[in-house]
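Participant: model this:
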Amino acid sequence: MTTLQYLPSIKVKKNDGNLRPQAGTIAPTILIVGTAGKGVGNDFYSVATSTLAKSEFGNDGTLIRGMWEATKQGATSVGLYRIGATSAKVEGIGNAASTAGAGFVVETVEQDEDAGEDYALYYDDATVRLVVKRNSDDLIVYDNDETSPIDLFEVTVSGYRDSGGGADIGSASSYVNLEDIDSSSYPGTSFTAGTDGLSLSRMEMYEKLYVAYKHLMEFDFDVIVPMDVYFDDYNCVNQGHFKGAVLPVVPGGQTYPTAGAYLPGSDVDSLGKVYSEEYEGEYFFWWWFDDGSTPFAAADIISVNMPGSGSTTQKIDGTALTEADFHEVNFGYQLARFLYDYGTDIVDATGVIGCLPPESNSLKDKARWIGKYPTWTLNTATGEYYIASPTDNGSGLLGNKFKVGQDGWRSGVFGGGMILTDSEYMDGVEEVDDNEIPVDLGKYISVVVDTPYLRNNWYSTGYFASFAASYGGFYLNLPPASAPTNKKIVSAQLIYKISLENLDKLTGSCYVSLRRKTQGLVIADAPTSAIPGSDWTRLSTVRIVKKIVDAIRAQLEPFLGEGTGSTPRASMKTKAENILLAAKKEGYIQSYSPFEILQTRDQEVQGKADLPLTLVPAFELRQITTTINLSKSG
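Facilitator: As a prediction, this is how the structure comes out:
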């Protein structure tokens, strides 16, 4: 668990198990995380107008498409975060002896495959003068002149001149493009081209999201959708995909698989098991394709330019890698774990992720895609159902181990689940809440199964895409107590139609799906991915609590840094009570239990306090049973 230890903050913990079976102001912003052919990278971009956003990022990739999908369904405030692109970099400037690490390093802020031709520089070794200009208008963006330095923050310059000096590069009247600087012309230097990041493999996508989620802890948003990743993406570990576990294929030459490839025995774009380390602000990754039978010997893929002693067999500090260092991963779990950390210390948010579509619209392929339930066995001692053996596992969407369970996953427990652990990965020791119930990360995400035909401004004639970004944009502005259930959507057409029986099974497994009804295409149901029996299986419940949590944070924030004691506690209680009374009046909650601001003597000394709240949310109406009696006339 990521915890802010020193910054003043308001912590929120969501316990499970208190709801009975019978039974703040939101700033709604959806954040789309995806790829683009150009534009600012690894930073939050708030969309002022769609025209400006398109001008910044272009139409290539998934970023602008996600923006259009969300806004078409009603999102009015959209943030964009571009991942995958890298900057251009020249190293070794002023390095005469080709000494490792010596020389200046010039790196563009622009992350694009053309960055190396967009900037040029000259370097005079005698005066150690380094000047960089923007080629489009010849504007000087960096100059280390001692009397009149310039830095427009379009490039970053680090490093130092080698003691022996190095080769001059160009002159004040003849700059050299960054992409033309290399050791053949300027000894000791090297150039690394920037990339657009439009064709990322599954493992590269996981790495980029891993870093993005670390950075996004700094920004505010309400809904997040990572584009082009799926809850059931191919994985070397069998998580229940309709094709089964992809046979591990060791890529040759330490290269990632081809993005989107599925050639068993040759080239499979899937997730392996990962080990990661942070070193001097950068993250490095090792990947291993565990086939379940061969002991670990060496990583199959590692990050380029691994620092220290990092290699296929060693960590950065030189200690040996072991099989225990590598962890199973999943894009849904990665998103849910991020949102747990984010919601604990920052603000509450939810996420949406899609599923892969069937291979075709044939009955056979749709049947394999939907799959079948596992066979459950009753444990007579505990009264709980579980999956007793691998032969009892399900398949397809109905066999996904996080949704329904799987032999070997959490002891085959019914419903599977994505549970918080003491590490950032799913295979750590499970954590429990104050009610001694495992902390369910599924409450933070919705999993959308459909890939409909969409129409919006991204592509005039329409296209097929996951409904994930559309769903996030749809519920973003709904009142918290109003679920997306049974509400009509626009500009979408179902191609992969399935029976009501299968739709019912998918809904029972907590998938979000679309349904064709008389009034048009509607959202069949709005569950979260929380495990069966959780208090947090309804999106409306999660959003109601979000509204209250966000309002309480805003009202109690001014008390941070002030004195403690009975008077501030009474004032805080009044602020919180006003929020709850307003929520009850607006119909978001039915009632709440009496509460006090709790503060022991030790907590008072430490500057801490607890605000325990028990809420009864407004439960959404999901079924109406009509009973008809006939009688004789008169």
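Participant: now the strands for the stretch 501-634 of the chain?
Facilitator: Here the stretch 501-634 of the chain has its strands, by DSSP state E, counting those that start in this stretch, at 514-517, 520-523, 589-592, 615-617.
Participant: whoops, I mixed them up, the stretch 301-450 of the chain
Facilitator: Using DSSP E, counting those that start in this stretch, the strands of the stretch 301-450 of the chain run over 301-302, 350-354, 377-379, 384-386, 445-448.
Participant: In JSON lines: the ones you listed, plus mean neighbour count, mean pLDDT and distance to residue 264.
Facilitator: All C-beta spots, glycine's among them, are computed from the backbone N, C-alpha and C. Shown next, in JSON lines, are those (neighbours: other Cβ atoms under 10 Å; pLDDT from 0 to 100; distance: least, Cβ to Cβ, whole Å):
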{"stretch": "strand 301-302", "mean neighbour count": "22", "mean pLDDT": "94", "distance to residue 264": "19"}
{"stretch": "strand 350-354", "mean neighbour count": "27", "mean pLDDT": "98", "distance to residue 264": "24"}
{"stretch": "strand 377-379", "mean neighbour count": "14", "mean pLDDT": "93", "distance to residue 264": "32"}
{"stretch": "strand 384-386", "mean neighbour count": "17", "mean pLDDT": "93", "distance to residue 264": "31"}
{"stretch": "strand 445-448", "mean neighbour count": "26", "mean pLDDT": "98", "distance to residue 264": "26"}
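Participant: between these, which gets nearest to residue 550?
Facilitator: strand 350-354 (12.2 Å; Cβ to Cβ).
Participant: and that closest one, what does it pack onto?
Facilitator: Judged by 3 or more Cβ pairs under 8 Å, 6 or more residues apart in numbering; DSSP states H and E, strand 350-354 is in contact with strand 223-226, helix 331-345, strand 445-448, helix 468-476, helix 539-556.
Participant: Now distance to residue 315 too, for those, in JSON lines please.
Facilitator: Below are the helices and strands packed on strand 350-354 laid out as JSON lines (distance: least, Cβ to Cβ, whole Å):
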{"stretch": "strand 223-226", "distance to residue 315": "28"}
{"stretch": "helix 331-345", "distance to residue 315": "22"}
{"stretch": "strand 445-448", "distance to residue 315": "31"}
{"stretch": "helix 468-476", "distance to residue 315": "36"}
{"stretch": "helix 539-556", "distance to residue 315": "39"}
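Participant: Which one of these lies nearest to residue 278?
Facilitator: Of all the helices and strands packed on strand 350-354, helix 331-345 sits nearest to residue 278, with 15.3 Å by Cβ to Cβ.
Participant: so what secondary structure elements neighbour that closest one?
Facilitator: Here helix 331-345 touches helix 202-215, strand 223-226, strand 350-354, strand 445-448, going by 3+ Cβ pairs under 8 Å, 6+ apart.
Participant: Give me the distance from it to the chain's centre.
Facilitator: 7 Å (Cα atoms, centre = their mean, to the nearest Å).
Participant: just stretch 196-204 next, same as before
Facilitator: Computed by Cα atoms, centre = their mean, the separation of stretch 196-204 from the middle of its chain amounts to 15 Å.
Participant: can you tell which of the strands of the stretch 301-450 of the chain is closest to residue 290?
Facilitator: strand 301-302 (13.0 Å).
Participant: Check what contacts that closest one and list those residues.
Facilitator: Residues outside strand 301-302 that contact it (Cβ atoms under 8 Å, 6 or more residues apart in numbering): 203, 251, 254-256, 272, 284-287, 310-312.
Participant: strand partners of that strand, parallel vs antiparallel please.
Facilitator: strand 282-288 (antiparallel) (DSSP bridges).
Participant: relative to helix 202-215, how tilted is the partner strand?
Facilitator: Counting by axes from the mean of the first three to the mean of the last three Cα atoms, to 10 degrees, strand 282-288 lies at 150 degrees to helix 202-215.
Participant: which one of the helices and strands packed on helix 331-345 lies closest to residue 590?
Facilitator: Of the helices and strands packed on helix 331-345, the one closest to residue 590 (Cβ to Cβ) turns out to be strand 350-354, at 21.9 Å.
Participant: Just the CA trace of the closest one, in CSV.
Facilitator: Extracted C-alpha coordinates of strand 350-354, given in CSV (Å, rounded to 0.1, in the frame of the first residue of the first chain):
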residue,chain,number,x,y,z
THR,A,350,-13.2,4.7,-10.6
GLY,A,351,-11.8,3.1,-13.7
VAL,A,352,-13.1,1.2,-16.8
ILE,A,353,-11.3,-1.5,-18.8
GLY,A,354,-12.6,-3.5,-21.8
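Participant: sec struct for the closest residue to residue 215 other than its chain neighbours, please.
Facilitator: Nearest non-adjacent residue to residue 215, counting by Cβ to Cβ, 6 or more residues apart in numbering: residue 42, 6.3 Å away. State at residue 42, reduced to three classes by DSSP: H, G, I helix; E, B strand; the rest coil: coil.
Participant: quick one: residue 42 from residue 357, how far?
Facilitator: Distance, residue 42 to residue 357, using Cβ to Cβ, to the nearest Å: 30 Å.
Participant: Between the two, which is the more surrounded one?
Facilitator: More crowded of residue 42 and residue 357, by other Cβ atoms under 10 Å: residue 357, with 20 against 17.
Participant: Report the separation between the more buried one and residue 496.
Facilitator: 6 Å.
Participant: any common contacting residues for the two?
Facilitator: Common neighbours of residue 357 and residue 496 (criterion: Cβ under 8 Å, 6+ apart): 369, 451.
Participant: So for residue 237, which of the helices and strands packed on strand 350-354 sits nearest?
Facilitator: So among those, helix 331-345 is nearest, using Cβ to Cβ, at 11.6 Å.
Participant: where exactly do the strands run in the stretch 51-200 of the chain?
Facilitator: For the stretch 51-200 of the chain, the strands defined by DSSP E, counting those that start in this stretch occupy 78-82, 87-93, 103-111, 119-124, 129-134, 139-143, 150-151, 155-160, 176-177, 190-192.
Participant: about what we covered before: okay, the contacts of strand 301-302 in TSV with pLDDT and neighbour count next?
Facilitator: Shown next, in TSV, are the contacts of strand 301-302 (pLDDT from 0 to 100; neighbours: other Cβ atoms under 10 Å):
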residue	pLDDT	neighbour count
203	96	22
251	70	19
254	77	13
255	86	10
256	91	18
272	93	27
284	97	20
285	97	20
286	97	26
287	96	25
310	95	21
311	95	15
312	95	15
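Participant: so where is the stretch 251-400 of the chain shaky, pLDDT-wise?
Facilitator: Within the stretch 251-400 of the chain, the stretches with pLDDT under 70 are 344-347.
Participant: wait, residue 331 sits on residue 226?
Facilitator: Yes - taking contacts as Cβ atoms under 8 Å, residue 331 lies within contact range of residue 226: 6.9 Å.
Participant: that older thread, just put the helices and strands packed on helix 331-345 in CSV and tack on distance to residue 143.
Facilitator: Supplementary listing: the helices and strands packed on helix 331-345 in CSV, determined by distance: least, Cβ to Cβ, whole Å:
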stretch, distance to residue 143
helix 202-215, 30
strand 223-226, 40
strand 350-354, 44
strand 445-448, 48
